[in-house]
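Trainee: fold the following, please.
(2 chains)
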Amino acid sequence: MLTVKNLTVAYDDTPVFSDVAVNFNAGKITGIIGPNGAGKSTLIKAMLNLIKAKQGQVQYNGKSMRSVQKSIAYVEQRKDLDLTFPIDVFDVVLTGTYGKLGLFKNPGKNEKLASKKALEQVSLTEFSKRQIGNLSGGQLQRVFVARAIVQEAEIIILDEPFVGIDLQSETAIMQILKQWRDDGKTIIVIHHDLNKVTKYFDDLVILNHGIVDYGPAREVYNPKNIERAFSADLSSVLFAGKAGVQ
Amino acid sequence: MASLIDFFQALGKYDFLQSALLTAIMVGIMSGIIGSFIILRGMSLIGDAISHSVLPGVAVAYMLGINILIGASIFGVLAALLIGFVASKSKIKTDTSIGVVFSAFYALGFILISMAESSTNLHHILFGNILAVSDSDIMTTAVVLGIVILFVVIFYKELLVTSFDATYAQTYGLNVQLIHYSLMLILTLVTVSALQTVGIILVVAMLITPAATAFLWTDKLGVMLVLSAIIGVVSSISGLYFSYSLNWASGPAIVIMAALMFAISFVVSPKQNFFKLRSVAK
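Mentor: The predicted structure follows:
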């Protein structure tokens, strides 16, 4: 279990959230939802030590995140990447093996085979020699999921993986997430499309500058919580005709 | 203008020309390789800044009579650290921080050089004087070339992943900062070597132009590194030829050759696809 205890993050003394406490279960796909600027990405980045938290603890099965760093796969939002970089699909996937290889060791036969298999899993074999700028958004996202596959990570964190991608890619990625879940991994997905929340996620964390609620998606995704995190209007639209809790 | 045959005859005759050629080739290779990483990491500006910031180090080394590589390395890395420090500890953006730090270092360098009272040296440092490299210069350059190649071969995968996706590298536990500052140190060494051929002011051109040209031709990092080194070497040799035969300053001659190759690539390279883009635009 991934546990977060009284985590506080602030940019220039303005807290994004304070004293956040939440658990992420192994063998579950956990969604994180919340309005824009609620601190979803910030929470993830603080958990990954990508930004410094003011205070708080993040542990995986009682161990610090730093000590399990190699078991974490992070699929960030694609907008931060240089898509003109001279690298092809296969080599991007291969970078997934770098963490386990450590310094001074280069990817060999096994690593290349694993990358090839991962590309098969996301149905991108025919694109393996293509420069990454020449892919559609969905294909690119599948490349990064393939990279997470070869990492053989225990914890997989995806930041808005379904934004601007085709339905086919979305389904393919969802299938892999479910595979990972059945393997007992901890999967965390930042998500914005409220319609699919209960379809996609086992657990749900609702965030708005702090935890609004968290738990099994079917229980937590209710009009009251959505009203508290977003707005009464949105809540009434989403739950119109669905008499309260589903 | 001396013909190519004259040039090769002179090459056989004069030691200084052989030394110049050897140095030019080595500098072309190392700046092409390191320059590729500089442009891919979006650090062209910092490459320029560091090349200028080594000036006080060169002056101090000259005054104390120590190897200029040592003096320059200290100031180059100091500048890199200071740029990072100012940008991360304030709301000032990195490009502004670069502007403040490098101009201060550069100014300090001028003052120190004038204190060392060697105006002829200053001219050589600023514009390069490849026809005056000494045997010890060649040795130093060879050592730097060795370090550059070793560094890139050993840390190729770390350089690749931090250049392409630093956030990802950080999440799996790679010390991204260490790679960054190691690259800065190597960059400083390359800068000092390139001082001899093109001078401080034009070092940035040797780092960026061959790499940018290579980038236009390939989608593979490994190929880009080799191609960039070759382009660096070709511009160095052809620049040296024009420098010798037309009595041009070596630095500008080499840089113009590199720029010419870039210009040609810009028009004809398949990746850039200048003509196709134009016709689509119409």
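
Trainee: which residue packs closest to the residue in chain A that chain B sits nearest to, ignoring adjacent ones?
Mentor: Closest contact between chain A and chain B, by CB to the nearest CB, is at A:Gly99 (3.3 Å). (Glycine included, C-beta is placed from N, CA and C.) Excluding the flanking residues, the one nearest A:Gly99 by CB to CB, 6 or more residues apart in numbering or on different chains is B:Tyr172, at 3.3 Å.

Trainee: burial count for that neighbour?
Mentor: Residues near B:Tyr172, counting by other CB atoms under 10 Å in any protein chain shown, number 20.

Trainee: swap in B:Leu17?
Mentor: 18.

Trainee: so which elements touch the helix or strand harbouring it?
Mentor: Using DSSP states H and E, B:Leu17 maps to helix B:15-40. Packing partners of helix B:15-40 (3 or more CB pairs under 8 Å, 6 or more residues apart in numbering or on different chains; DSSP states H and E): helix B:4-13, helix B:44-53, helix B:135-154, helix B:156-164, helix B:176-215, helix B:221-246.

Trainee: identify the residue nearest the geometric centre of chain B.
Mentor: By CA atoms, centre = their mean, chain B has its centre lying nearest to B:Leu207, at 3.7 Å.

Trainee: show me what contacts it?
Mentor: The contact partners of B:Leu207, by CB atoms under 8 Å, 6 or more residues apart in numbering or on different chains, come to B:31, B:34-35, B:38-39, B:44, B:47, B:51, B:187, B:190, B:194.

Trainee: ok, A:Phe90 next?
Mentor: Applying CB under 8 Å, 6+ apart to A:Phe90 gives the contacts A:115-116, A:119, A:128-129.

Trainee: mind checking the SS state of the residue nearest the centre of chain A?
Mentor: Nearest to the geometric centre of chain A sits A:Leu158, at 1.8 Å (CA atoms, centre = their mean). Recorded secondary structure, A:Leu158: strand (DSSP: H, G, I helix; E, B strand; the rest coil).

Trainee: swap in A:Val212?
Mentor: strand.

Trainee: could you pick out the residues of chain B near chain A for me?
Mentor: B:40, B:42, B:154-158, B:160-161, B:163-165, B:167-174, B:215, B:218-221, B:223-224 (CB under 8 Å from any CB of the partner chain).

Trainee: can you flag the buried ones in those residues?
Mentor: B:40, B:155, B:157-158, B:160-161, B:163-165, B:167-174, B:215, B:218-221, B:224 (16 or more other CB atoms under 10 Å in any protein chain shown).

Trainee: state the phi and psi torsions of A:Ile51.
Mentor: In terms of degrees, to the nearest 10, the main-chain angles of A:Ile51 are phi -130, psi 160.

Trainee: per-residue pLDDT, it?
Mentor: Looking at A:Ile51, its pLDDT stands at 88.

Trainee: any idea how far the nearest residue to it once chain neighbours are set aside is from A:Glu76?
Mentor: Distances taken as CB to CB, 6+ apart place A:Lys45 nearest to A:Ile51, at 4.6 Å, with adjacent residues excluded. Counting by CB to CB, to the nearest Å, the separation of A:Lys45 from A:Glu76 is 9 Å.

Trainee: for residue 176, what are its contacts?
Mentor: I'll assume chain A. So A:Ile176 contacts A:121-122, A:145, A:149 (CB under 8 Å, 6+ apart).

Trainee: my question was about chain B
Mentor: B:162, B:166, B:169-170.

Trainee: ok, of the residues you listed, which one's closest to chain A?
Mentor: B:Gln170 (6.1 Å).

Trainee: my guess is the closest one meets A:Leu50, correct?
Mentor: Yes. With contacts counted by CB atoms under 8 Å, B:Gln170 reaches A:Leu50, the gap being 6.1 Å.

Trainee: quick check: which ranges of chain B have low pLDDT?
Mentor: Counting by pLDDT under 70, chain B contains low-confidence ranges at B:1-2, B:117-120, B:272-282.

Trainee: got phi/psi on the closest residue to chain A within chain B?
Mentor: Of all residues in chain B, the one sitting closest to chain A is B:Tyr172 (3.3 Å; CB to the nearest CB). As for B:Tyr172, its main-chain torsions (degrees, to the nearest 10) stand at phi -90, psi 0.

Trainee: cool, and A:Ile206?
Mentor: Torsion angles, degrees, to the nearest 10, at A:Ile206: phi -100, psi 130.

Trainee: same deal with the one 3 residues further on?
Mentor: The phi/psi pair for A:His209 (degrees, to the nearest 10) reads phi 50, psi 50.

Trainee: from what I can see it touches A:Lys40, true?
Mentor: No. Applying CB under 8 Å, one finds A:His209 not in contact with A:Lys40, separated by 10.6 Å.

Trainee: neighbour-wise, which of these two wins?
Mentor: Each of A:His209 and A:Lys40 has its neighbours counted (other CB under 10 Å); A:Lys40 has more, 22 against 17.

Trainee: contacts only, for that one.
Mentor: A:32-34, A:159, A:190, A:207.

Trainee: those in strands, which ones?
Mentor: A:32-33, A:159, A:190, A:207 (DSSP state E).

Trainee: okay, buried residues for stretch B:77-93 please.
Mentor: Quick answer for stretch B:77-93 (16+ other CB under 10 Å): B:77-80, B:82-84, B:86-87.

Trainee: would you mind listing what in chain A touches chain B?
Mentor: Checking chain A against chain B by CB under 8 Å from any CB, the hits are A:48-50, A:66, A:69-70, A:72-74, A:76, A:80-82, A:85-88, A:91-92, A:95, A:98-99, A:101, A:103-104, A:106-107, A:131, A:147, A:151.

Trainee: any of those residues buried? List them.
Mentor: The neighbour-count criterion (16+ other CB under 10 Å) marks A:48-49, A:69-70, A:72-74, A:76, A:81, A:85-88, A:91-92, A:95, A:98-99, A:107, A:131, A:147, A:151 among the residues of chain A next to chain B as buried.

Trainee: gap between stretch B:251-262 and the chain center?
Mentor: In terms of CA atoms, centre = their mean, to the nearest Å, the centre of stretch B:251-262 is found 13 Å from the chain centre.

Trainee: what does that stretch contact?
Mentor: Applying CB under 8 Å, 6+ apart, the external contacts of stretch B:251-262 come out as B:24, B:127-128, B:130, B:197-199, B:201-202, B:205-206, B:209-210, B:212-213, B:216, B:231-232, B:234-236, B:238-240, B:242-243, B:246.

Trainee: what about stretch A:157-167, how long is it end to end?
Mentor: Across stretch A:157-167, the terminal residues are separated by 20 Å (CA to CA, to the nearest Å).

Trainee: could you do stretch B:214-230 as well?
Mentor: Start-to-end, stretch B:214-230 (CA to CA) is 9 Å.

Trainee: which residues of chain A fall in helices?
Mentor: Assigned by DSSP state H, the helices in chain A fall at A:40-47, A:89-94, A:98-101, A:109-121, A:137-151, A:167-182, A:197-200, A:217-220, A:223-229, A:232-238.

Trainee: can you put those in a markdown table and add mean pLDDT?
Mentor: As requested, the helices of chain A are exported to a markdown table (pLDDT from 0 to 100):
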| stretch | mean pLDDT |
| --- | --- |
| helix A:40-47 | 90 |
| helix A:89-94 | 95 |
| helix A:98-101 | 87 |
| helix A:109-121 | 93 |
| helix A:137-151 | 92 |
| helix A:167-182 | 92 |
| helix A:197-200 | 89 |
| helix A:217-220 | 87 |
| helix A:223-229 | 87 |
| helix A:232-238 | 84 |
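
Trainee: of all those, which one is nearest B:Leu178?
Mentor: Closest approach to B:Leu178 among the helices of chain A is made by helix A:98-101 (15.1 Å; CB to CB).

Trainee: burial of A:Gly31, as a residue count?
Mentor: So A:Gly31, with other CB under 10 Å, has 25 neighbours.
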